[in-house]
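Visitor: Any chance you can model this:
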Amino acid sequence: MKSELLTTDELSARIKYDVRTIRERMKDSVLLEGVHYFRPFGGRKILYIWEAIQRDMHASVSVRPIGMVGIPMANGSTLHA
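Guide: Numbering: from 1, shown residues only. Purely as a prediction, here's the structure:
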């Protein structure tokens, strides 16, 4: 398995988000343990899987037809009214 692993500070610098924002996203279940990050050897340190974060950041950008209104949902999907 060859993945680029990042610390919280490295991820913060790469995606231009504050470290606190990244930790909030973990609490809000936007970043999922085992998918976007893991704790090596069962410790406290967190390593982020760059490929998974990059993939899901790009997937969350949706192209909508002009005039179509959507309500963002907590799970990342959109409710179209």
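
Visitor: Just list the residues touching V35, thanks.
Guide: By Cβ atoms under 8 Å, 6 or more residues apart in numbering, the contact set of V35 is I49, A52. For every residue, glycine as well, the C-beta is placed using N, CA and C.

Visitor: let's see 7 Å
Guide: A52 (Cβ atoms under 7 Å, 6 or more residues apart in numbering).

Visitor: Then H36?
Guide: Y48, I49, A52, I53.

Visitor: SS state for T21?
Guide: What DSSP: H, G, I helix; E, B strand; the rest coil gives for T21 is helix.

Visitor: what's the neighbour count on it?
Guide: As a burial measure, T21 scores 11 neighbours (other Cβ atoms under 10 Å).

Visitor: Am I right that I49 is in contact with S3?
Guide: Yes. Judged on Cβ atoms under 7 Å, I49 makes contact with S3 at a distance of 5.2 Å.

Visitor: Look at these two and report which has more neighbours.
Guide: I49 (20 against 11).

Visitor: Do a quick rundown of the helices in the chain.
Guide: With DSSP state H as the criterion, the chain has helices at 8-15, 19-27, 50-59.

Visitor: Of those helices, which is nearest G34?
Guide: helix 50-59 (9.7 Å; Cβ to Cβ).

Visitor: Touching the closest one from outside, list them.
Guide: S3, E4, L6, V35, H36.

Visitor: Can you tell me which of those end up in strands?
Guide: Counting by DSSP state E, these place L6 in strands.

Visitor: could the contacts of helix 50-59 go into JSON lines alongside pLDDT and distance to I71?
Guide: Below are the contacts of helix 50-59 laid out as JSON lines (pLDDT from 0 to 100; distance: Cβ to Cβ, whole Å):
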{"residue": "S3", "pLDDT": "85", "distance to I71": "34"}
{"residue": "E4", "pLDDT": "96", "distance to I71": "34"}
{"residue": "L6", "pLDDT": "97", "distance to I71": "32"}
{"residue": "V35", "pLDDT": "93", "distance to I71": "25"}
{"residue": "H36", "pLDDT": "94", "distance to I71": "24"}
